[in-house]
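heads up, no residue letters with this:
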């Protein structure tokens with residue numbers, strides 16, 4: 001048996017992130033003689049390839065749903081073992097005085113759509129397209145009603161790693177740098193007048209609003225299911241690890257469930273840790289997400305969440321992000337979570 005496992009996660013509110021910051025997952029694995037390593041901290045090019053492509057043979061991840069859906073569509077053996085849903089903002093932002101106040105005002109206007117041709121998984125392009133599509137739908141509009149402007153970005157982006165800052169020669173970025181700079185190219189294009197609106201999300205949108213005064217475009221009157229990359233966070237594990245060491249996977253899930261429960265009871269400390277995970281000051285936490293963000297870290301496989309994930313799958317398939325349709329009966333593994341819930345004394 002290998003003596004280590006890998007993990008990666010997004011700079012976003014998750015119980016996995018809280019459990020890591022509390023040291024619970026490291027302690028649990030240490031009792032089994034296993035070291036827990038962050039994929040993002042490794043300088044090994046092969047390990048970084050694992051991180052980008054989600055192909056590590058012994059790894060966990062909780063993060064946005066785009067990367068694991070793309071990885072699974074490419075034939076990588078990863079399994080979905082849980083989902084969490086956090087309220088957050090996914091706005092199109094514009095300059096004050098732009099004349100764009102609601103989604104109806106976007107007709108004929110230039111909306112930035114980033115493209116990273118050198119990224120193995122172009123997460124932000126998928127997220128920007130979904131954000132734009134969702135907002136337009138609230139006014140009964142489609143992408144045909146706007147002028148999408150493709151912005152070429154030469155660097156890569158993945159959780160807490162390569163950003164415009166590190167691509168430009170700065171030291172490798174941490175979580176705060178990643179969050180603050182993740183829409184750097186789009187923001188500069190907006191300021192230069194090359195586009196009229198840019199897609200953003202959560203903490204990054206709050207930072208842009210606070211520092212540059214960018215304002216969100218208000219939705220129309222039609223209700224739309226606001227599913228996006230990080231509105232539905234996926235807990236995934238490599239298939240080989242699950243098949244060979246299911247008890248290890250269950251023990252990690254137990255710590256994730258414990259962290260979600262702890263966060264409800266310990267609001268002040270949990271919000272402090274969640275803000276650290278999101279790469280922002282605590283003052284921006286509730287503006288970026290929700291006053292009840294500490295109560296939204298629960299992991300399950302409820303049918304409504306699975307339906308949202310399938311909706312996201314269909315969107316990505318239609319837009320050409322997925323190489324083939326995913327068989328969800330084979331992708332989703334419910335047994336580890338059921339066992340972990342039973343160990344936590346939760347009736348299922």
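Looks like it came in fine. In this text the structure is predicted, and so the values were computed from the model without any measurement.

Can you list the residue ranges for strands in the stretch 1-150 of the chain?
4-9, 35-38, 59-63, 78-85, 92-94, 110-115, 147-152 (DSSP state E, counting those that start in this stretch).

can you list these in TSV and add mean pLDDT and distance to residue 285?
Just so you know, the C-beta spots here come from the backbone N, C-alpha and C atoms, and that holds for glycine as well. Listed next are the strands of the stretch 1-150 of the chain as TSV, based on pLDDT from 0 to 100; distance: least, Cβ to Cβ, whole Å:
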stretch	mean pLDDT	distance to residue 285
strand 4-9	88	17
strand 35-38	88	23
strand 59-63	93	18
strand 78-85	97	17
strand 92-94	98	19
strand 110-115	97	26
strand 147-152	97	29
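
would you list those in CSV and tack on distance to residue 71?
Rendered in CSV, the data for the strands of the stretch 1-150 of the chain read as follows (distance: least, Cβ to Cβ, whole Å):
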stretch, distance to residue 71
strand 4-9, 12
strand 35-38, 18
strand 59-63, 10
strand 78-85, 6
strand 92-94, 28
strand 110-115, 19
strand 147-152, 24
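
Could you provide these in TSV, with additional columns for mean neighbour count and distance to residue 184?
Listed next are those as TSV, based on neighbours: other Cβ atoms under 10 Å; distance: least, Cβ to Cβ, whole Å:
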stretch	mean neighbour count	distance to residue 184
strand 4-9	21	22
strand 35-38	15	24
strand 59-63	25	21
strand 78-85	23	28
strand 92-94	26	13
strand 110-115	21	10
strand 147-152	14	11
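
Which one of those lies nearest to residue 245?
strand 4-9 (8.9 Å; Cβ to Cβ).

Now do the contacts for residue 308.
Residues counted as contacts of residue 308 (Cβ atoms under 8 Å, 6 or more residues apart in numbering) are 85, 225, 227, 231, 232.

so of the residues you listed, which ones are in strands?
Among these, DSSP state E puts 85, 232 in strands.

Go through the contacts of residue 308 and give me the one with the most neighbours.
For the contacts of residue 308, the largest neighbour count, defined by other Cβ atoms under 10 Å, is 24 neighbours, found at residue 231.

Mind pulling up the pLDDT for it?
Looking at residue 231, its pLDDT stands at 94.

wouldn't it be in contact with residue 89 here?
No. Look at residue 231 against residue 89 with Cβ atoms under 8 Å: they stay out of range, at 10.0 Å.

any chance of the contacts of residue 308 in JSON lines, plus distance to residue 74?
Listed next are the contacts of residue 308 as JSON lines, based on distance: Cβ to Cβ, whole Å:
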{"residue": "85", "distance to residue 74": "25"}
{"residue": "225", "distance to residue 74": "26"}
{"residue": "227", "distance to residue 74": "22"}
{"residue": "231", "distance to residue 74": "23"}
{"residue": "232", "distance to residue 74": "20"}
